[in-house]
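S.K.: give me a model of this one.
(4 chains)
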2 protein chains.
Amino acid sequence: MIGQRVTRQRTAIAGLLDDLGEFRSAKQIHLALQQRGDDIALATVYRTLNAMAESGDVEVLLNPSGEHTYLRCAPTASHHHHHLVCRHCGRTVDVDAPQLEELVSALATEHGFTELEHSVDFVGVCTACARAGAAR
Amino acid sequence: MIGQRVTRQRTAIAGLLDDLGEFRSAKQIHLALQQRGDDIALATVYRTLNAMAESGDVEVLLNPSGEHTYLRCAPTASHHHHHLVCRHCGRTVDVDAPQLEELVSALATEHGFTELEHSVDFVGVCTACARAGAAR
DNA sequence: CTATTTGCAAAGTATTTGCCACCAT
DNA sequence: ATGGTGGCAAATACTTTGCAAATAG
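M.R.: A predicted model of the protein is given here:
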């Protein structure tokens, strides 16, 4: 990685991600950009998101249907934490769970596992959607 | 679902899954079947695995590269538990983590989420692979 | 006998890549 | 000027589906 250029496309994508605050698929992001008037090739969206993911600028989550979804979290300093994601509306809540960290390392040690990954993001139904869903 | 027939293909797939004990992709399962001499169409493998997943006979995990992987766990009575999966060799360890359950429901309550899903399977590196990897 | 299941190939979806024009630096 | 970038379309990878032939019960 020698040079990273600031282009209209990258600025637009970064800007959109900041506004979203929820996990979104590349397709959704692409669509949202178009609706804003930013016409960017889908391939570029993918390339940019991949690059941002690799450099840690966005978090990637594989949703149940096998799509990659992307989220830009804390604008700047982002410490390790997890998310509750609403299955219906996509609303995302950041959670700190120090106990979870402890638990994970305990499990790892106990079974001789190292480098335990736990991009643990829980998927559920948020209050608003639960109410709406109850009517269903 | 009116009738479920026992066919050569389904028997073979179920049998293989029992022998495996590790998360495997549909492709891998298909290949393994061929090597055993069971010639089954890939589409059939997918159809069967999907059916087994839906009826809860197998657990599905979306691996980092976006493939569905399938595992048949406890031969019979399987209670709720989680897995440690080795990133390298695929070795799987079942773990009970009552604290995790508690933690999850605590988080859910705290933030008003319901139906919190946590097919939490941790991906790490097991002892054997860690040793092997150290040589790398 | 007949409804379910299989196999094949084609279709579908998500993502990546090759290549050339283009623009930020 | 010039090398990183973007757009397009073709390629790839995984999975699903339509339909006729095979088969379990």
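S.K.: could you report the neighbour count for the residue lying closest to A:L49 once chain neighbours are set aside?
M.R.: Sequence neighbours aside, A:Y70 is the residue nearest to A:L49 in space, at 5.2 Å (criterion: C-beta to C-beta, 6 or more residues apart in numbering or on different chains). Just so you know, the C-beta spots here come from the backbone N, C-alpha and C atoms, and that holds for glycine as well. Residues within reach of A:Y70, counting by other C-beta atoms under 10 Å in any protein chain shown, total 25.
S.K.: kindly confirm my reading that A:Y70 is in a strand.
M.R.: Yes. Counting by DSSP: H, G, I helix; E, B strand; the rest coil, A:Y70 falls inside a strand.
S.K.: can you give me the distance of the residue nearest the centre of chain A to B:A128?
M.R.: Centroid-nearest residue in chain A, with C-alpha atoms, centre = their mean: A:L71, separated by 2.8 Å. Distance, A:L71 to B:A128, using C-beta to C-beta, to the nearest Å: 35 Å.
S.K.: give me the phi and psi for the residue of chain A positioned farthest from its centre.
M.R.: Residue farthest from the centre of chain A, counting by C-alpha atoms, centre = their mean, is A:E110 at 30.2 Å. Dihedral pair for A:E110: phi -50, psi -40, per degrees, to the nearest 10.
S.K.: now do the one 4 residues further on
M.R.: Comment: the main-chain dihedrals of A:T114 come out as phi -120, psi 170, following degrees, to the nearest 10.
S.K.: try the one 10 residues further on
M.R.: Main-chain torsions, A:G124, degrees, to the nearest 10: phi -150, psi -150.
S.K.: right, and it touches B:E110 too?
M.R.: No. With contact defined as C-beta atoms under 8 Å, A:G124 does not count as touching B:E110 (12.0 Å).
S.K.: still on that earlier bit, ok, what's across the strand from the residue nearest to A:L49?
M.R.: Taking DSSP bridges, one obtains A:R24, A:V60 as the residues bridged to A:Y70.
S.K.: ok, it touching A:H30?
M.R.: No. Assessed by C-beta under 8 Å, A:Y70 is found out of contact with A:H30, at 11.3 Å.
S.K.: how near is the residue farthest from the centre of chain A to chain B?
M.R.: 8 Å (C-beta to the nearest C-beta, to the nearest Å).
S.K.: then A:Y46?
M.R.: Counting by C-beta to the nearest C-beta, the gap from A:Y46 to chain B is 13 Å.
S.K.: again, but for A:D121
M.R.: Applying C-beta to the nearest C-beta to A:D121 and chain B gives a distance of 9 Å.
S.K.: do A:S55 as well
M.R.: 18 Å.
S.K.: pull the distance from stretch A:13-30 to the chain's centre.
M.R.: 9 Å (C-alpha atoms, centre = their mean, to the nearest Å).
S.K.: what about that stretch, how long is it end to end?
M.R.: For stretch A:13-30, the first-to-last residue distance is 9 Å (C-alpha to C-alpha, to the nearest Å).
S.K.: go through it and flag the buried ones.
M.R.: Using 16 or more other C-beta atoms under 10 Å in any protein chain shown as the test for burial, stretch A:13-30 gives A:13-14, A:16-17, A:20, A:22-26, A:28-30.
S.K.: A:D121 - nearest residue in space that isn't next to it in sequence?
M.R.: A:H83 (4.4 Å).
S.K.: okay, now the domains of chain A?
M.R.: Segmentation of chain A into domains, based on automatic domain parsing, reads A:1-72, A:77-136.
S.K.: hang on, the earlier thing: any idea how far the residue farthest from the centre of chain A lies from B:V120?
M.R.: Distance from A:E110 to B:V120, by C-beta to C-beta: 16 Å.
S.K.: how close does the residue nearest to A:L49 get to chain B?
M.R.: 14 Å.
S.K.: ok, A:V93 next?
M.R.: From A:V93 to chain B the distance is 5 Å (C-beta to the nearest C-beta).
S.K.: same question for A:R24.
M.R.: A:R24 is 17 Å from chain B, by C-beta to the nearest C-beta.
S.K.: now do the same contact list for A:T92.
M.R.: A:21-23, A:71, A:83-86 (C-beta atoms under 8 Å, 6 or more residues apart in numbering or on different chains).
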